[in-house]
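Asks: Build the 3D model from these lines:
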Amino acid sequence: MLARLCAAEQTRSMTQPPTQARASTSDLVVRIVGAVLTLFFAVPFLLFAWVALRSRFSWTSGDVHGYGMIFGTLIALVAGLLVMLVAPLVLPSRLRAKGYLISALGYVVVGVGLVAAWFTA
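Replies: Predicted coordinates:
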């Protein structure tokens, strides 16, 4: 009797599609696309943030007028916003809400730091 119940639980319906396999496949595709987009947006963000901070804190700056700091900060803020939006896609779907929260807080901290470095120069 117990063997029959276990066998009945293991069989699947021929009329219902396997939703678990589709959900995991679509989740994997979203995670891969999220990783590619995160890398695509994170590289310019890091480069322009580095330009802005190097212009601000360098002893011998080749950026006499501060254009590297100004445009580096502005472009880094835009690229950082894009990173903030796509980085949580790398996480499993059950953790994305928490990922968006952490990503948004990180963006605010880095954004305030970049703007503070710009206005205190």
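
Asks: what stretches of the chain score poorly on pLDDT?
Replies: Low-confidence segments of the chain, defined by pLDDT under 70, span residues 1-23, 61.

Asks: And the strands in it?
Replies: Chain-ordered strands for the chain, with DSSP state E as the definition, do not occur.

Asks: so where do the helices sit in it?
Replies: Taking DSSP state H as the test, the helices found in the chain are 2-10, 19-57, 67-86, 96-119.

Asks: who's in contact with F40?
Replies: F40 is in contact with no residue at all, counting by Cβ atoms under 8 Å, 6 or more residues apart in numbering. Backbone N, C-alpha and C define where each C-beta goes, glycine included.

Asks: which residues does I75 contact?
Replies: Contacts for I75 were tallied using Cβ under 8 Å, 6+ apart; they are 44, 48.

Asks: Distance check, it against T25.
Replies: Here I75 is placed at a distance of 36 Å from T25 (Cβ to Cβ, to the nearest Å).

Asks: ditto for V90
Replies: Using Cβ to Cβ, one obtains 16 Å as the distance from V90 to T25.

Asks: Give me the more crowded residue out of those two.
Replies: Set side by side, V90 and T25 give different neighbour counts by other Cβ atoms under 10 Å, the larger being at V90 (19 against 10).

Asks: Enumerate every residue touching that one.
Replies: Each residue near V90 by Cβ under 8 Å, 6+ apart is listed here: 31, 34-35, 38, 99.

Asks: I32 versus that one, what's the distance?
Replies: Distance check for V90 against I32: by Cβ to Cβ, it reads 9 Å.

Asks: Return the most buried member of the helices of the chain.
Replies: Sort the helices of the chain by mean neighbour count, taking mean count of other Cβ atoms under 10 Å, and helix 67-86 sits at the top with a mean of 19.

Asks: Specify the angle between that helix and helix 96-119 in degrees.
Replies: Note on geometry: by axes from the mean of the first three to the mean of the last three Cα atoms, to 10 degrees, helix 67-86 and helix 96-119 are set 170 degrees apart in direction.
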